[in-house]
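Engineer: build me a model:
(chains A and B)
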Amino acid sequence: GLPKIEPNSNLQSYVEIKTPDQIQRMRETSRIARKVLDAAARVIRPGITTDEIDDVVHKASIDAGAYPSPLNYHFFPKSCCTSVNEIICHGIPDARALEDGDIVNVDVTICYNGVHGDLNETYFVGNVDDSSKKLVRATYECLEKAISIVKPGVRFREIGEVINRHASMSGLTVVKSYCGHGIGELFHCAPNIPHYGKNKAVGIMKAGQTFTIEPMINMGTWHDRLWPDGWTAVTSDGKRSAQFEHTLLVTETGVEVLTARLPTSPDVYPWLKS
Amino acid sequence: MDVEDDDAGVPTAVEYSYPERSFESESENRRPVGITVITGYLGSGKSTLVNYVLNAKHGKKIAVILNEFGEEIGVERAMINEGDEGALIEEWVELANGCVCCTVKHSLVQALEQLVQRKDRLDHILLETTGLANPAPLASILWLDEQLESAVILDAIITVVDARNIFKQLSEYKESSTFSEAFQQIVFADVIIVNKIDLVSSSDSGFLENLEKEIKAINSLATIIHSDHCQVDLAVILDKNAYNAVNTEHVVHFEKLLEDSKSSSANQGCHNKNVRTVCLCKDQQVDVNMVRLWLEDILWEKQGDMDVYRCKGILNVLNSDKLHTLQAVREIYDIVPTREWNKDENRTNKIVFIGHNLDEKILNDTFSTFNCQTKINEA
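Structural biologist: Numbers count the residues shown, from 1 in each chain, chains lettered A, B, ... in the order given. Okay, the predicted model is just below:
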């Protein structure tokens, strides 16, 4: 349904500095979110439907004692978002089976102990063409580079500059309609972090803040359209789009990636092999 | 008219060549449609202005959004006058559902964009606000990044003021805030229409002058127009480009700052002792990055406990031939290069702050340090 507290909270206008207790809870919750996403990653293969992936996410969340935040959020019908190929984000899991050559993003957010943890990754289905591999890798790097500048004193608007630079250099474009967001006891709150350059984002990072960075990078145009279902965002030229997301905590000296990969995370990215 | 013989046979198919359509949004090739926010007390003549815009034969096709229902119902009602014929049509604009929280564009903006795309030509949009004390939140929603290439753009905030009652309205206080609504509406206005001047006794010629002084004491940056029955020349209130950095006319808005050689700060209005206008002046060139850091300290970190409502300025930037303009509404600000300095122009920096608890000394001192410091490496 429609959130009651979130839209009216003053956390929409200023960025909360989390207390040590909140931070500890967010660490725990983000770890669980990571494990739930990993469970989804393990079942990705040609032939599986996005509904089945959603079932895995739902079951894994409940088994961990958590609630899948997307479920019923503003009436969203499923427990996670699955975005295939030209879908930029917020794809709704359905009966379509993944095909060899697809790329699919699974976006998981869970609520545990009163706080949310939000992350997503784009996966390869079977054998994927070179341009898709480049797209996914470049998107991963965009997020990596953005995270590397996070520390107290950095302006939120810098994130967009870093991402834009790397995407442009890779010959790709940045989706402008969706942004990173603050997260904690609310699913979405301040700050708003655009991923494109020359933005007017307000604020300077401070230790204790938690937010997500979730660049969506496209092969073709940056323009997006919305499907009649009111959720699914798609590239306006039909070319593919990839995304990666982490929930981050600003520390006194830098950043802690709360949803970081674990040693148990499935080894699906060739460029991460040491 | 002769009826064609039905037995003539199947008509030949004629090849229709579809005009080339790019996948990009159609609005890319059109100038973005300006949005003017109209605010003002009930009875100030706001509705008269709206009616005038909708019914007068001015040749422009304007959509008026009547903010009657707010967002709860999920729709906005728009009245659009269809150009020359003057017929009024009613349109419903649905606010976007779905995940509104991680989208960059507020659902109101999306709704307005949809409206623009549905109509094949729209010259302007008026957003009438009912009962809104403070237009600043609306400004922050509508003041979009240029990068978004939106079909709509914030043009100006216009406040209609009732000449007879404004003094009384300024002194009203709501329990929750220190300043009356009338006050906030004036602070954030780009254009102020002083209406009902016909009802002000013509023998009392000092009255209007006094009123203007009072308004200027609160907001020295706004353009002030007089009217009766809100009969204003639309050319004067539309297409102000107050927030459109791309359009060179945008600079016209700042010309006043260029002309006005006074550097002294205006004194506060008699009703609101703590609100001031502070004007800083400096001739030497400034490093634009330092200006950004300085401004952010003031706007975001509330340096010196100062509460800035609006800020406007022109900057003489190091290593640039272009005049830079600076604009801020609450915490959102933008510094953009505009046109080149004219040869005979005095290249200078001039920044006007309007706010509460402003400390002229702090502002001046911190602004002056730019000269001495060498450029600091950013974090």
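Engineer: can you show me the helices along the chain?
Structural biologist: Picking chain A for this. For chain A, applying DSSP state H gives helices covering A:20-42, A:50-63, A:130-148, A:157-169.
Engineer: actually chain B
Structural biologist: Using DSSP H, helices in chain B cover B:46-55, B:107-118, B:136-142, B:166-171, B:181-187, B:205-218, B:234-237, B:252-259, B:288-299, B:360-372.
Engineer: now B:Gln114: closest residue in space, sequence neighbours ignored.
Structural biologist: Using CB to CB, 6 or more residues apart in numbering or on different chains and skipping residues adjacent in sequence, the residue nearest B:Gln114 is B:Val93, 6.4 Å away. All C-beta atoms are positioned from the backbone trio N, CA, C, and that covers glycine.
Engineer: in the sheet, who's paired with that neighbour?
Structural biologist: B:Glu76 (DSSP bridges).
Engineer: and among the helices of chain B, the most buried is which?
Structural biologist: helix B:181-187 (a mean of 24; mean count of other CB atoms under 10 Å in any protein chain shown).
Engineer: show me how far that helix is from its chain's centre.
Structural biologist: In terms of CA atoms, centre = their mean, to the nearest Å, the centre of helix B:181-187 is set 14 Å apart from its chain centre.
Engineer: next up, the contacts around the closest residue to A:Arg155 other than its chain neighbours.
Structural biologist: What sits nearest to A:Arg155 in space, not counting adjacent residues and going by CB to CB, 6+ apart, is A:Ile204, at 5.6 Å. A:Ile204 makes contacts with A:Pro152, A:Gly153, A:Val154, A:Arg155, A:Phe156, B:Glu296, B:Trp300, B:Glu301, as judged by CB atoms under 8 Å, 6 or more residues apart in numbering or on different chains.
Engineer: A:Thr259 versus B:Gln284, what's the distance?
Structural biologist: Distance of B:Gln284 to A:Thr259, computed by CB to CB, to the nearest Å: 48 Å.
Engineer: who has more neighbours out of those two?
Structural biologist: The neighbour comparison of B:Gln284 against A:Thr259 (other CB atoms under 10 Å in any protein chain shown) goes to A:Thr259, with 25 against 12.
Engineer: now that one. Its backbone dihedrals?
Structural biologist: Here is the backbone geometry of A:Thr259 (degrees, to the nearest 10): phi -100, psi 30.
Engineer: wait, it sits on A:Glu121?
Structural biologist: No - using CB atoms under 8 Å, A:Thr259 is not in contact with A:Glu121, being 9.7 Å away.
Engineer: which neighbours do these two have in common?
Structural biologist: Joint contacts of A:Thr259 and A:Glu121 (CB under 8 Å, 6+ apart) are A:Leu37, A:Glu245.
Engineer: since we're on the closest residue to A:Phe244 other than its chain neighbours, how many residues are nearby?
Structural biologist: Nearest non-adjacent residue to A:Phe244, counting by CB to CB, 6+ apart: A:Leu143, 4.4 Å away. Other residues within reach of A:Leu143, judged by other CB under 10 Å, total 26.
Engineer: same thing with the one 10 residues further on?
Structural biologist: Using other CB under 10 Å as the criterion, A:Gly153 is surrounded by 11 other residues.
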